[in-house]
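Visitor: coordinates for the following, if possible.
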Amino acid sequence: MSRVEDEADVLIVGAGPAGLSAAIKLKQIAQQNQSDLRVCVLEKAAEVGGHTLSGACLEPTALNELLPDWKDRGAPISTEVTEDRFSFLTQNNRIPVPLPPGFPMHNKGNYVVRLGNVVKWLGEQAEEMGVEIYPGYAGSEILFHDDGSIKGVATNDVGVAKDGSPKESFERGMELHAKVTIFAEGCHGSLTKQLFEKFPELRKDCQPQTYAIGLKELWEIDPGNHIPGLTDHTVGWPLTKDVYGGSFMYHLNEGSPQVALGFVIGLDYSNPYLNPFKEFQRWKTHPYISKFLTGAKRVGYGARALNEGGLQSLPHLSLPGALIVGCAAGFMNVPKVKGTHTAMKSGMIAAEAIIHQIETNPEAKTVNAKDYEERVENSWIWKELKLVRNSRPSFTHYGRLGGILYTGVSAWILRGMEPWTLKHHGKDNDCLQPADKFEPIEYPKPDNEVTFDLLSSVALTGTNHEHDQPAHLTLKDDSVPVDHNLTIYDGPEQRFCPAGVYEYVPVEQGDGKRLQINAQNCIHCKTCDIKDHSQNINWVVPEGGGGPAYSGM
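Guide: Modelled structure (predicted):
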């Protein structure tokens, strides 16, 4: 059975801030030029914004450029930052740290938002302009012309049983062809990963990407503890000094006293016993944090991998027929703890580069917008990332305290003009060390008031996958989990996964254990594909519409 084919001028994979900003900008320019341009967007979530998770403190620079009248358009952006706090935590105390002028964490003029709601609104703006958005359709395969240029993307087949046989509901996937495909999947996207594997030259001039896992909860708190517009960041306890990470607490002002709590841990940690979810839960027991949660109720949970490589890890951004934007490329500003504004701007720049090439050669079947990379380098994205390029690797080179001091001096005095660029540590999975070098970490049991277990947390994500479908968490070699991961590293996947997907259970007959994969729990964070020491886990898209159903996360 052949696949149905359709054709657009521009195909965008991923309806996040970058992809939707590109779509809106494309339509804006086309309307100004009085030209007809078909723009299609594929989104694997059941609805736009359903897989979006971020802190989020939004710097509106790119939004002001894209839609200057966003307030009049009813954007769900209402909580302007009123106060910044930054502190170092010991086990029982909080030490305030002043933010010097120019320090990246200054948030004057920024807004605390629920990014999923903002993305949903961006989707509505795009559709009003004529953009076609297809939620619930997962791009699973990159298509190529005979000359090797990108032809488009195919969605996966649906109605396939776990054993690969077609069910009564079986339908072939669809091929979407376009002059150019924008890959806007977010951090560690599965198709973008395929691009890097097929075209290694994309990463030949950059360092390996380095990542973190960000975990988030949404709480309804006592109005007496609510400080609308407060952004509160901490470093220190409970993480040891060799682990990069920190926290945020953002007070929203959207009709109810809500706070977003989050914890970020660099995935370059070495101790296989470290459990990011349990570190997050333990952080909430600190006296300074727990006082905000007295009498409060947790209403949301989620997790997502983040890019932390910055300028040093940016790949080449274009191929004939393809561009890479947003967190798929890695434009996050790590010390700012922000990437939405740079992601949006990269999508806008991609749109300008595409339109320029289409106008230059309107009869071309494939757009090669190779000037996109130069346009990014000449934009404020590049200037911003160059300024902070040494912040994240300074923690690797000089430790936690040294990294904080370096970041402050670089931002305040040197202004990023130091004549050197620090290197990252290499690949995150290679940083893991054997379990016999460490003692197991004892974590407190959940009290179900401030701290919680993993499965009750996953229940808040609304995650759902069709049970009878091929596994989307695949193993290259079934023997590796027990023979390598469990034997040498005590099965770290059962700890670094924030959704309880991986667990080692006794074999049905005889002694020993086997790896059980609870794929229905997967919240699409991509941590396993990144941190698995042997790189034996390969995350691929499940049927479209599966995964978490975040509501304004």
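Visitor: CA only for contacts and neighbour counts going forward, please
Guide: Fine.
Visitor: report the buried residues of stretch 194-207.
Guide: 195, 202, 203, 207 (16 or more other C-alpha atoms under 10 Å).
Visitor: which residues sit in contact with the nearest residue to residue 293 once chain neighbours are set aside?
Guide: Nearest residue to residue 293, sequence neighbours excluded (C-alpha to C-alpha, 6 or more residues apart in numbering): residue 221, at 6.2 Å. Counting by C-alpha atoms under 8 Å, 6 or more residues apart in numbering, residue 221 makes contact with 257, 258, 259, 292, 293, 294, 295, 296, 297.
Visitor: from residue 257, how far out is residue 221?
Guide: 6 Å (C-alpha to C-alpha, to the nearest Å).
Visitor: what do you get for residue 394?
Guide: Here the criterion is C-alpha to C-alpha. By it, residue 394 lies 37 Å from residue 257.
Visitor: okay, those two: which has more neighbours?
Guide: Using other C-alpha atoms under 10 Å as the criterion, residue 394 and residue 257 rank with residue 394 on top: 22 against 19.
Visitor: wait, that one sits on residue 409?
Guide: No: between residue 394 and residue 409 there is no contact under C-alpha atoms under 8 Å: 11.6 Å.
Visitor: pull the longest helix from this protein.
Guide: Longest helix in the chain by number of residues (criterion: DSSP state H): helix 340-360.
Visitor: can you list contacts of the helix or strand just after that helix?
Guide: For helix 340-360, the succeeding helix or strand toward the C-terminus, using DSSP states H and E, is helix 372-377. With C-alpha under 8 Å, 6+ apart as the test, helix 372-377 has contacts from 316, 317, 318, 323, 346, 349, 350, 353, 382, 383.
Visitor: using PDB, write out every CA atom in stretch 58-71.
Guide: Extracted in PDB, the C-alpha atoms of stretch 58-71 (Å, rounded to 0.1, in the frame of the first residue of the first chain):
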ATOM      1  CA  LEU A  58      10.000  34.800  28.800                       C
ATOM      2  CA  GLU A  59      12.300  37.500  27.400                       C
ATOM      3  CA  PRO A  60       9.900  39.200  24.900                       C
ATOM      4  CA  THR A  61      12.600  40.500  22.500                       C
ATOM      5  CA  ALA A  62      11.700  38.200  19.600                       C
ATOM      6  CA  LEU A  63       8.000  38.300  20.300                       C
ATOM      7  CA  ASN A  64       8.100  42.100  20.100                       C
ATOM      8  CA  GLU A  65       9.700  41.800  16.700                       C
ATOM      9  CA  LEU A  66       7.300  39.200  15.400                       C
ATOM     10  CA  LEU A  67       4.000  40.400  16.800                       C
ATOM     11  CA  PRO A  68       4.400  43.900  18.300                       C
ATOM     12  CA  ASP A  69       0.700  44.000  19.200                       C
ATOM     13  CA  TRP A  70       0.800  40.800  21.100                       C
ATOM     14  CA  LYS A  71      -0.900  42.400  24.100                       C
END
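Visitor: next, the buried residues of it.
Guide: Within stretch 58-71, the residues that count as buried by 16+ other C-alpha under 10 Å are 58, 59, 60, 61, 62, 63, 66, 67, 70.
Visitor: which strands and helices sit next to whichever strand or helix holds residue 124?
Guide: Assigned by DSSP H and E, residue 124 belongs to helix 115-128. Secondary-structure packing of helix 115-128 (3 or more C-alpha pairs under 8 Å, 6 or more residues apart in numbering; DSSP states H and E): helix 17-32.
Visitor: only the C-alpha atoms, please, for the helix it packs on, written as PDB.
Guide: Output in PDB follows, covering the C-alpha atoms of helix 17-32 (Å, rounded to 0.1, in the frame of the first residue of the first chain):
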ATOM      1  CA  PRO A  17       8.100  28.500  19.600                       C
ATOM      2  CA  ALA A  18      10.800  28.200  16.800                       C
ATOM      3  CA  GLY A  19       8.600  26.400  14.300                       C
ATOM      4  CA  LEU A  20       5.500  28.600  14.800                       C
ATOM      5  CA  SER A  21       7.600  31.800  14.700                       C
ATOM      6  CA  ALA A  22       9.000  30.600  11.400                       C
ATOM      7  CA  ALA A  23       5.500  29.900  10.100                       C
ATOM      8  CA  ILE A  24       4.200  33.300  11.100                       C
ATOM      9  CA  LYS A  25       7.100  35.200   9.700                       C
ATOM     10  CA  LEU A  26       6.900  33.300   6.400                       C
ATOM     11  CA  LYS A  27       3.200  34.200   6.100                       C
ATOM     12  CA  GLN A  28       3.900  37.800   7.100                       C
ATOM     13  CA  ILE A  29       6.500  38.300   4.400                       C
ATOM     14  CA  ALA A  30       4.400  36.400   1.800                       C
ATOM     15  CA  GLN A  31       1.400  38.700   2.500                       C
ATOM     16  CA  GLN A  32       3.600  41.800   2.300                       C
END
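Visitor: and it, which residues are buried?
Guide: For helix 17-32, burial by neighbour count (16+ other C-alpha under 10 Å) applies to 17, 18, 19, 20, 21, 22, 23, 24, 25, 26, 27, 28.
Visitor: with the residues you listed in mind, which one is nearest to residue 233?
Guide: residue 17 (23.7 Å; C-alpha to C-alpha).
Visitor: which residues does that closest one contact?
Guide: 119, 122, 326, 340, 343, 344.
Visitor: adding neighbour count, pLDDT and distance to residue 169, write those out as a markdown table.
Guide: Below are the contacts of residue 17 laid out as a markdown table (neighbours: other C-alpha atoms under 10 Å; pLDDT from 0 to 100; distance: C-alpha to C-alpha, whole Å):
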| residue | neighbour count | pLDDT | distance to residue 169 |
| --- | --- | --- | --- |
| 119 | 24 | 98 | 31 |
| 122 | 27 | 98 | 33 |
| 326 | 27 | 98 | 35 |
| 340 | 27 | 98 | 38 |
| 343 | 28 | 98 | 37 |
| 344 | 28 | 98 | 38 |
